[in-house]
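Trainee: Here's my sequence, what's the structure:
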Amino acid sequence: MTNLVPAVSLPSEIYQCILDSLPFDNPDRIQLLLTCRLVCSHLQAIAELPFLWKGKYNQRWTYHDPAREAERIADCKDDWFKRYLRRSHSDYESYDILVQIATQRKGRQANAQRIHRAYRKDAWDILERYTNLDPPEYADEDSIWLSLSFWAGEMLRAMHRAASLERLYRMRNGQNMELEEGLSTLDGFFGVPYEKLARSLDLMATRCKDSLPTGTENDTRAMCLAILAWMRDQHFGPAEGERYLALQNNFMHKVLESRTSLPLTLVAIFVSIARRLGLDAHPVNFPAHVHACVRVKEHIPEDGEEQEHLSIDVFHSATQPILTAADLDPILHAMGTTVEQHPELLAPASTATMVTRAARNIANSLRQGAMTAMPDTPWRYWTVVTSCYAMVTTITFLSEAHQADHFIDMAVHVKERIRHIFPLDIAVVVESTIMPNLGPLEEQTKQIFQGIIDLTQKAEDSATRVTTRDPKANVKYFVGLVVALSGLGIGQE
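Mentor: Sure thing, here's the model as predicted:
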């Protein structure tokens, strides 16, 4: 008979290796590691070692609310096990509120506010998980997985739009930020967070760096040309013909997929990569189309001498990537500008200026060719309305002239379209983000927004409890058909 070695007699290092190698591709499997703690005190001590939980923590959660994360760090120090449990508890609380949102119309707006105000970015991971929830193998008549997935997506996108509004407030108050972060404000209206774009740009910069020819690190001109060549190799280039006016060219998350775009977005990608590789690159609000400027780092100006810069035309990088004063001055003269205006037009532009220009590009696409350049899909109407939402909101917050009038136009837009298409934006965007920041000059806007809030609350108060349909009874309308027809505008009054 084989003699069995008592488990407790095994070296601790073996236990650590075993527990660290357990598969935890699904957060539910963490329960396996927690169960190991119940075997004995020896195994409990090993199962709570910080290095086991640090990796699990970073693997499970991508987004963190800065204030709540700082509080966890202060309370838990290097105890990653305790930190993991604290964060898991927040997920369970967010999930309980999400279930109420999915199953009860009455109180839905208040519950959306609870998640947004109490958990903020801490709730993004759990909401993303349930947004992408796979259907169960067997769904009985009490299953709410479809409703849960729908409302998790609505809640997540509403919170991303609220985050976009917060960035607009920062730019409006004079705070500058990286161009990519400013432009991500527009992507946030489609439910794409800045953190996701930043990770994609980080990866692109790493790949670009690996492809740079030897010796370019100390040659600004050569490095700029190498980045442009790498972008062309990755098929980044100008949108042409009717594709030039396509709406997707104005949003970075779409451009990272299609690889063709307008000058502004291509410049944003170039600047993002260049800055990650150590170059001092900025956008230039050139009248014809946006350029980039890069400080020549090997040039050290003497007293009274100006710093040397390179003017980069990313849009035409295949033919004339670097422009000189001899190239730019005639163009500016032909546009009726004076010599005194040239330095300002060739200087680095603020992120707010670029984001405003991007919003006006969206308006131009909507006026001149958005529908013809967009595939005829059920989501076309939603895309157009979302783009309009992003454009109107951005111009409202960043335009210096007639701002009160812009706010009124935005409020009317929300009243007529947004509250029907983005049901949780009234609580998360309007009531929690916009209303507290309106000044005395926007009193009329406050009244319009308050009317929308009251109207939404009245509809909730009069709502009856949702009951599950009998699957054996005749079902007249199917969810997929309703979504498809609503996207085409059919059946709407």
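Trainee: Show me what the helix or strand hosting His89 packs onto, helices and strands only.
Mentor: Element membership of His89 [criterion: DSSP states H and E] is helix 80-103. Contacts defined by 3 or more Cβ pairs under 8 Å, 6 or more residues apart in numbering; DSSP states H and E place helix 80-103 against helix 50-60, helix 66-76, helix 108-118, helix 124-131, helix 145-172. The C-beta positions use only the backbone N, C-alpha and C, and glycine is treated the same way.
Trainee: Let me have those in a markdown table, adding mean pLDDT as columns.
Mentor: Listed next are those as a markdown table, based on pLDDT from 0 to 100:
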| stretch | mean pLDDT |
| --- | --- |
| helix 50-60 | 81 |
| helix 66-76 | 92 |
| helix 108-118 | 94 |
| helix 124-131 | 94 |
| helix 145-172 | 93 |
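Trainee: Of all the ones you listed, which one is nearest Trp230?
Mentor: Within the helices and strands packed on helix 80-103, the stretch nearest Trp230 is helix 145-172; the backing value is 28.7 Å (Cβ to Cβ).
Trainee: one step back: so what touches the helix holding His89?
Mentor: With contacts defined as Cβ atoms under 8 Å, 6 or more residues apart in numbering, helix 80-103 is touched by 30, 48-54, 56-57, 60-61, 68, 72-73, 75-76, 107-108, 111-112, 114-115, 118-119, 122-123, 125-127, 130, 144, 147-148, 150-152, 155, 424, 466.
Trainee: ok, of these, which come out buried?
Mentor: Neighbour counting by 16 or more other Cβ atoms under 10 Å classes 30, 48-50, 52-53, 56-57, 60-61, 68, 72, 76, 108, 111-112, 114-115, 119, 122-123, 125-127, 130, 148, 150-152, 155, 424 among these as buried.
Trainee: Confirm Pro135 sits in a strand?
Mentor: No. Using DSSP: H, G, I helix; E, B strand; the rest coil, the secondary structure at Pro135 is coil, not a strand.
Trainee: can you tell me which residues contact Ile126?
Mentor: Contacts of Ile126 (Cβ under 8 Å, 6+ apart): Asp91, Ser94, Tyr95, Leu98.
Trainee: which one of these has the most neighbours?
Mentor: In terms of neighbours by other Cβ atoms under 10 Å, these top out with Ser94 at 23 neighbours.
Trainee: In a strand, His282, correct?
Mentor: Yes. According to three-state DSSP, His282 belongs to a strand.
Trainee: what's the closest non-adjacent residue to it?
Mentor: Nearest residue to His282 in three dimensions, chain neighbours excluded: Pro348, at 3.5 Å (Cβ to Cβ, 6 or more residues apart in numbering).
Trainee: That neighbour - how many residues pack around it?
Mentor: Counted with other Cβ under 10 Å, residues neighbouring Pro348 total 16.
Trainee: nearest to Tyr389, of the contacts of Ile126?
Mentor: Nearest to Tyr389, judged by Cβ to Cβ, of these is Leu98 at 23.6 Å.
Trainee: Identify the residues contacting the residue nearest to Phe315 when sequence neighbours are not counted.
Mentor: Among residues not flanking Phe315 along the chain, Pro263 sits closest, at 4.0 Å (Cβ to Cβ, 6+ apart). Going by Cβ under 8 Å, 6+ apart, Pro263 touches Pro238, His289, Val290, His291, Val314, Phe315.
Trainee: just the buried members of those?
Mentor: Buried members of the contacts of Pro263, scored by 16+ other Cβ under 10 Å, are Pro238, Val290, His291, Val314, Phe315.
Trainee: Confirm that the fourth one sits in a strand.
Mentor: So the one you mean is Val314. No. Assignment of Val314 by three-state DSSP gives coil, placing it outside any strand.
Trainee: Quick check: it touching Cys293?
Mentor: No. The criterion here is Cβ atoms under 8 Å, and Val314 misses it with Cys293 at 11.2 Å.
Trainee: and the residue nearest the centre of the chain, backbone torsions?
Mentor: Note on the chain: the residue nearest the mean C-alpha position is Pro193, at 1.6 Å, using Cα atoms, centre = their mean. The phi and psi torsions at Pro193 (degrees, to the nearest 10) take the values phi -80, psi 160.
Trainee: Just give the number of residues close to the nearest residue to it once chain neighbours are set aside.
Mentor: Excluding its sequence neighbours, the residue lying closest to Pro193 (Cβ to Cβ, 6+ apart) is His160, at 5.4 Å. Neighbours of His160 under the rule other Cβ under 10 Å: 24.
Trainee: can you pull the contacts of His160?
Mentor: Applying Cβ under 8 Å, 6+ apart to His160 gives the contacts Gly188, Phe189, Gly191, Val192, Pro193.
Trainee: So Leu310: helix, strand or coil?
Mentor: Per three-state DSSP, the local secondary structure of Leu310 is strand.
Trainee: That one touches Val296, doesn't it?
Mentor: Yes. Counting by Cβ under 8 Å, Leu310 does reach Val296; the two are 6.2 Å apart.
Trainee: can you give me the strands in this structure?
Mentor: Using DSSP state E, the strands of the chain run over 237-238, 260-261, 281-284, 291-295, 309-312, 322-323.
Trainee: Is it possible to get a markdown table of those that adds distance to Lys254 and mean pLDDT?
Mentor: Formatted as a markdown table, the strands of the chain follow (distance: least, Cβ to Cβ, whole Å; pLDDT from 0 to 100):
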| stretch | distance to Lys254 | mean pLDDT |
| --- | --- | --- |
| strand 237-238 | 15 | 92 |
| strand 260-261 | 8 | 90 |
| strand 281-284 | 19 | 93 |
| strand 291-295 | 21 | 91 |
| strand 309-312 | 23 | 88 |
| strand 322-323 | 28 | 86 |
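Trainee: Let me see the contact set for the residue nearest to the centre of the chain.
Mentor: Residues near Pro193 by Cβ under 8 Å, 6+ apart: Tyr63, Trp124, His160, Ala163, Ser184.
Trainee: Next: Met354.
Mentor: Contact partners of Met354, counting by Cβ under 8 Å, 6+ apart, are Leu179, Gly182, Leu183, Leu264, Ala268, Pro283, Asn285, Val290.
Trainee: Looking at these, which is nearest Met204?
Mentor: Nearest to Met204 out of the contacts of Met354 is Ala268 (Cβ to Cβ; 12.0 Å).
Trainee: isn't the closest one right next to Leu183, touching?
Mentor: Yes. Using Cβ under 8 Å, Ala268 is in contact with Leu183, at 5.4 Å.
Trainee: Give me the common contacts of the two.
Mentor: Common neighbours of Ala268 and Leu183, using Cβ under 8 Å, 6+ apart, are Met252, Met354.
Trainee: Ala326 and Val314: what is the separation?
Mentor: Note on Ala326: its distance to Val314, by Cβ to Cβ, to the nearest Å, is 20 Å.
Trainee: cool, and Arg357?
Mentor: From Arg357 across to Val314, the span is 15 Å (Cβ to Cβ).
Trainee: likewise Leu165?
Mentor: Per Cβ to Cβ, Leu165 is found 29 Å from Val314.
Trainee: want to throw the helices and strands packed on helix 80-103 into TSV with distance to Met435?
Mentor: Shown next, in TSV, are these (distance: least, Cβ to Cβ, whole Å):
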stretch	distance to Met435
helix 50-60	34
helix 66-76	21
helix 108-118	12
helix 124-131	23
helix 145-172	11
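Trainee: Now do Ala373, the pLDDT please.
Mentor: Predicted confidence (pLDDT) for Ala373: 51.
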